[in-house]
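S.K.: Have a look; sequence and predicted model below, questions after that.
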Amino acid sequence: MIFTNKNFRYRQRQESQTLIGVNIAIKNSYDGSTSNSNGFYEFETFQQDTHTLTATYMGFVPLEKKIVLNQPTL
């Protein structure tokens, strides 16, 4: 089992404030999460592989970012 706790901050250009409630999903899966008041989110996944995260928030352009899970995090 791999536990990931990645800090993904989605910021406004002018005010540099973290957005609360950004929808974050692992592309081509049913796994999803929402950022908290500090911009943090968490997934539990079993696959050590390259994944694409997608972040969406109303009024902002969707963002995709590739991550590589190659070892367990304890």
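M.R.: Yep, it's here.
S.K.: Next one: the most centrally placed residue in the chain from E64, what distance?
M.R.: A centroid search over the chain (C-alpha atoms, centre = their mean) returns I24, at 4.7 Å, as the residue closest to the centre. Noted for I24: a distance of 11 Å to E64, by C-beta to C-beta, to the nearest Å. (Glycine included, C-beta is placed from N, CA and C.)
S.K.: What is the burial count for the nearest residue to V22 once chain neighbours are set aside?
M.R.: Nearest residue to V22, sequence neighbours excluded (C-beta to C-beta, 6 or more residues apart in numbering): S35, at 4.2 Å. Using other C-beta atoms under 10 Å, S35 has 21 neighbouring residues.
S.K.: so S35 makes contact with A25?
M.R.: No - between S35 and A25 there is no contact under C-beta atoms under 8 Å: 11.8 Å.
S.K.: Test my guess that the residue nearest to the centre of the chain contacts S35.
M.R.: Yes - taking C-beta under 8 Å as the definition, I24 is a contact partner of S35 at 6.4 Å.
S.K.: Could you tell me what pLDDT the model assigned to H51?
M.R.: Per-residue pLDDT puts H51 at 88.
S.K.: How about G39?
M.R.: 83.
S.K.: Next, the closest residue to K27 other than its chain neighbours: phi, psi?
M.R.: Leaving aside its sequence neighbours, K27 sits nearest to T52 (C-beta to C-beta, 6+ apart; 4.1 Å). Main-chain dihedrals, T52, degrees, to the nearest 10: phi -110, psi 120.
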